[in-house]
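**Student:** The sequence and its predicted three-dimensional model are supplied below.
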Amino acid sequence: MLNYDKQKEQHLRNCGAWNATTDAVTDGLFADSDFFDPRDLILVKYEMLRRVRVDCLSVMEASQRFGFSRAGYYKVRSAYQRSGLIGLIPARPGPRQAHKLTDEILEFIDEQLAAQGELSPSQLAVLILQNHKLSVHPRSIERALARREKKGA
């Protein structure tokens, strides 16, 4: 059984569904249950919502029992109402795209590469800063160019 627990933990971590605050889950269902696992963040969120909706627990009581703030409860509820169970899966943190490298900046990069030939990402970063007053990390430029090359653009 120990191997299963380690596999489950690793899977939860890989999926972003690991509950780092297992000690904060004090609801009785999670005390000594094989099914109700306080490490499973999605299960904890769902059960918190269910306890308010079905068992008529107050939002404050449910939030405390499941290790959330009241504001956290309402965020979870909103995500569930918007997307169902999928909404309970934590979103990947951070930007979803290269927000500094707009179409205008990428067009500028293309123009510079066409006019001057081979330029390093560091050289392009300097040109972008000089011409657009925008600081872009060379690695971001490198990744953007690689994405475009991969797409065949």
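**Tutor:** Everything's here; your move. All values reported here derive from a predicted model rather than from experimental measurement.
**Student:** Contact partners for the residue nearest to the spatial centre of the chain?
**Tutor:** What sits nearest the mean C-alpha location of the chain, by Cα atoms, centre = their mean, is residue 92, with 1.4 Å. Counting by Cβ atoms under 8 Å, 6 or more residues apart in numbering, residue 92 touches residue 16. Where C-beta positions appear, they are placed from N, C-alpha and C, glycine not excepted.
**Student:** Please report how far it lies from residue 100.
**Tutor:** Residue 92 sits 19 Å away from residue 100, going by Cβ to Cβ, to the nearest Å.
**Student:** what does residue 3 give?
**Tutor:** 45 Å.
**Student:** between these two, who's got more neighbours?
**Tutor:** For residue 3 and residue 100, the more surrounded residue by other Cβ atoms under 10 Å is residue 100, and the numbers stand at 16 against 7.
**Student:** which helices and strands sit right next to the helix or strand containing residue 43?
**Tutor:** Element membership of residue 43 [criterion: DSSP states H and E] is helix 41-53. Packing partners of helix 41-53 (3 or more Cβ pairs under 8 Å, 6 or more residues apart in numbering; DSSP states H and E): helix 59-66, helix 70-83.
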